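>>> Here is my input, please return the structure:
(2 chains)
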Amino acid sequence: MGIQTPAPAPSLEPALEEQDAETGRTHRHRRRRVRPTTWAGLAFVAPLVAYLAVFYAYPLYENVSMSLHRYTRATFVTGQAPFVGFDIYREVLASPQFWPTVRQTATFVIVSLVFQYAIGLGLAVFFHRGFRLSGLLRALFLVPWLLPIIVSATTWQWMMDADNGILNRFLGVFGVDPIWWLNNEHSLWAVTIANIWLGIPFNLVILYSGLQNIPTDLYEAASLDGAGAWRQFRTITFPLLRPVTAITLLLGFVYTLKVVDIVWIMTMGTGTSQTLATWAYSMAFGKGASALIQYSQASVVGTILLLVALLMGFVYLFVQRRQED
Amino acid sequence: MNTFRRTWWKTAVGLVLTALMLFPLYWMINVSLTKREAVRSGDLYPKAFTLQNYRTVLGDQIPYLGTSLLVGFGTVVLTILIAAPAAYALSKLFVPGRRLLNFLLIVAQMIPAVVMALGFYTIYTNIGILDTVWGLILADSTIAVPFGVMLFSAFMAGIPRELLQAAQIDGASYWRTFRSVVLPVSRNSAVTVGLFAFLWAWSDFLFASTLNRDGGKLRPITMGLYDYIGSQNQEWGPLMATAVVASVPTAVLLVVAQRYVAAGVTAGAVKD
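Numbering: from 1, shown residues only, chains lettered A, B, ... in the order given. Modelled structure (predicted):
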């Protein structure tokens, strides 16, 4: 689970008037000269634009360019990698690792999302009607989410130790044989469990504030009509929470797709826990599952992730627009 | 009082759930306080109590902690310097292509860090700033800048127009209006943005492990921790003690600035 929470696009009203004027949509203003606010706006936004160009566009351009040139250790240093078009894309797609990795990534993401959301929603409903200490406990639930992932991941790694881990000891009480959580076969489940734990706070917070926006008189009316708690949840809470749900799941999807550290610290992306993001990481830096440095292959996988991110950006915009209407 | 009496069972359930959720953190502290010989016995509390792990760790990790602080504060400054003016422009002035820019900021937050790391790695190798602290600050700021711009502009959009117009009627330039009206009013947002920028920079593993692998002692604490993990004979006591030390800023910030944290979290997905 990643950490960021994108803020919504700022309110559209203040500048709307000017927008129309400048794009010439209204006839009256068509021949206006550039106004001082425009110059000021450009000046204030210029550092950001320069920043985005240098620190986003340029690295991304490098990434895409590397996926089209055959970079090896040697050509990386000399900078004379030959242009090969989409050859490396074909190789990566045909690689025996590609589809299994896509499947594992899909499992990791979907299972994480389902549990994070379900548990987060359950907790949000639980905390919704305040009780003594509810504020404090809710704040404590945030802690795992704000800790460095490397800290949580290390702790989970030790808890899932096959011989001495507390998890196996606990399961042993119920007569379950020790599970080799971190070996190739089970590592996908190990990292998924840790990732669900990591994502619960985010889901809880977002869904909780979504619940706050549901008018309480709806519930009062429903209980006057004799609707029980479950019925109220099904007919009021869940439907009215749909917009928040959409955004939560969307962001959760993006963050889970791109997460590297939780997987990397626990298993180095070995065995079934290899996802597209950790695969790219291991190929780029010659660690873990890929002992060889394969810059170009890594950037192919990176570019695929980039396209998904772009697609999700559009979906986000679409969802947000629909909510505004 | 009456309602509280009726909900005491909820408090009890809440306590149990919180305990379950925080168990891994308890376990981390537990192991960090346990003697080496007893780590593998898995006692539920530090029966073989020792502070030795912390003594070992503090000696080793202080340079890394210093670097992390430096990277954290550097990232905060850079993020606010870029985000605040841009947000002022996007929310209060006319900027051509504003919608496109807003869209790019959303996408920017969705780009996998591993893709960015690979690009940065190439560029840094070419211009020779690999393994430098400020190279890492620049990279870390990319995590926070888009978030910062959006959080600032969501807030600044709510500043009453009259307030800014009053300043302009008094003859203040745009820059002056920004500095002496907009910025002071946006103080809380600045704290929230700074807080998250700091936490993300502090927690960053991906950029540190790629762009600052060989920086020796000038590497952040996440790398200090990673060194322990990477070594063959895993020493769980000192490892967990390092993890606890690395968690201190988060704990402190959560205690002293909880409402700013909450503001940052919900600024995200939920519209008012």
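>>> Contact partners for A:Pro82?
With contact taken as C-beta atoms under 8 Å, 6 or more residues apart in numbering or on different chains, A:Pro82 is in contact with A:69-70, A:75. From N, CA and C alone the C-beta is placed, and that goes for glycine too.
>>> Quick one: low-confidence residue ranges for the chain.
The chain I'm using is chain A. Along chain A, segments meeting pLDDT under 70 span A:1-34.
>>> nope, chain B
Checking chain B against pLDDT under 70 turns up B:1-5, B:232-233, B:265-272.
>>> related to what we said a few turns ago, buried ones among the contacts of A:Pro82?
With neighbours counted by 16 or more other C-beta atoms under 10 Å in any protein chain shown, the contacts of A:Pro82 contain buried members at A:69-70.
>>> in chain B, which spans are helices?
Along chain B, the stretches classed as helices by DSSP state H are B:2-6, B:8-32, B:52-92, B:98-110, B:113-127, B:133-156, B:161-169, B:174-177, B:183-185, B:187-203, B:206-211, B:221-230, B:236-256, B:258-269.
>>> and A:Thr38, which of those helices is closest to it?
For those, proximity to A:Thr38 was assessed by C-beta to C-beta; helix B:52-92 is nearest, at 10.0 Å.
>>> and the stretch 201-325 of chain A, which residues reach chain B?
Contact residues, the stretch 201-325 of chain A versus chain B (C-beta under 8 Å from any C-beta of the partner chain): A:202, A:205-206, A:209-210, A:213, A:244, A:247-248, A:251, A:254, A:257-258, A:260-261, A:264-265, A:277, A:280-281, A:284-285, A:295, A:298-299, A:302-303, A:305-306, A:309-310, A:312-313, A:316-317, A:323.
>>> Between the helices of chain B, which one is closest to A:Leu42.
Closest among these, using C-beta to C-beta: helix B:52-92, at 7.6 Å.
>>> helices or strands up against the closest one?
Applying 3 or more C-beta pairs under 8 Å, 6 or more residues apart in numbering or on different chains; DSSP states H and E, one finds that helix B:52-92 contacts helix A:13-23, helix A:36-52, helix B:98-110, helix B:133-156, helix B:187-203, helix B:221-230, helix B:236-256.
>>> tell me how far that helix is from the chain's mean position?
Offset of helix B:52-92 from its chain centre (C-alpha atoms, centre = their mean, to the nearest Å): 8 Å.
>>> repeat for stretch A:184-195
A distance of 18 Å separates the centroid of the chain from that of stretch A:184-195, by C-alpha atoms, centre = their mean.
>>> Would you mark the buried spots in that stretch?
A:186-195.
>>> So what sits opposite B:Phe49 in the bridge?
Beta-bridge pairing of B:Phe49 under DSSP bridges involves B:Thr34.
>>> Quick check: the gap between the closest residue to chain A within the stretch 1-150 of chain B and B:Ile111.
At 2.6 Å from chain A, B:Gly119 is the closest residue in the stretch 1-150 of chain B, using C-beta to the nearest C-beta. B:Gly119 sits 10 Å away from B:Ile111, taking C-beta to C-beta, to the nearest Å as the criterion.
>>> again with B:Lys35
Counting by C-beta to C-beta - B:Lys35 and B:Ile111 are separated by 45 Å.
>>> what do you get for A:Ser95?
23 Å.
>>> Please compute how far stretch A:135-148 lies from its chain's middle.
Worked out by C-alpha atoms, centre = their mean, stretch A:135-148 lies 19 Å from the chain centre.
>>> typo on my end, it should be stretch B:110-118
With C-alpha atoms, centre = their mean, you get 17 Å for stretch B:110-118.
>>> Residue ranges of each domain in chain B, please.
B:1-50, B:52-269 (automatic domain parsing).
>>> now those domains as a markdown table including mean neighbour count?
Shown next, in a markdown table, are the domains of chain B (neighbours: other C-beta atoms under 10 Å in any protein chain shown):
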| stretch | mean neighbour count |
| --- | --- |
| domain B:1-50 | 15 |
| domain B:52-269 | 20 |
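>>> give the contact list for the nearest residue to A:Ser187 once chain neighbours are set aside.
Nearest non-adjacent residue to A:Ser187, counting by C-beta to C-beta, 6 or more residues apart in numbering or on different chains: A:Ser273, 3.7 Å away. For A:Ser273, the contact set (C-beta under 8 Å, 6+ apart) comprises A:104, A:108, A:187-188, A:190-191, A:263, A:266-267.
>>> same question, B:Ala19
Here B:Ala19 is in contact with B:Tyr26 (C-beta under 8 Å, 6+ apart).
>>> circling back: can you tell me which of the buried residues of stretch A:184-195 is closest to chain B?
Nearest member of the buried residues of stretch A:184-195 to chain B, counting by C-beta to the nearest C-beta, is A:Ala194, at 8.6 Å.
>>> Phi first, then psi, for B:Gly171.
According to degrees, to the nearest 10, the main-chain angles of B:Gly171 amount to phi 90, psi 10.
>>> Stretch A:228-245: which residues count as buried?
Those would be A:232-233, A:236-237, A:240-241, A:243-245, for stretch A:228-245 by 16+ other C-beta under 10 Å.
>>> now for the contacts of A:Ser273, which pair is the farthest apart?
The farthest-apart pair in the contacts of A:Ser273, when distances are taken by C-beta to C-beta, is A:Gln104 and A:Met266, at 14.1 Å.
>>> Looking at those two now, which is surrounded by more residues?
A:Met266 (26 against 23; other C-beta atoms under 10 Å in any protein chain shown).
>>> what's that one in contact with, if anything?
A:153, A:156-157, A:160, A:182, A:187, A:190-191, A:194, A:273.
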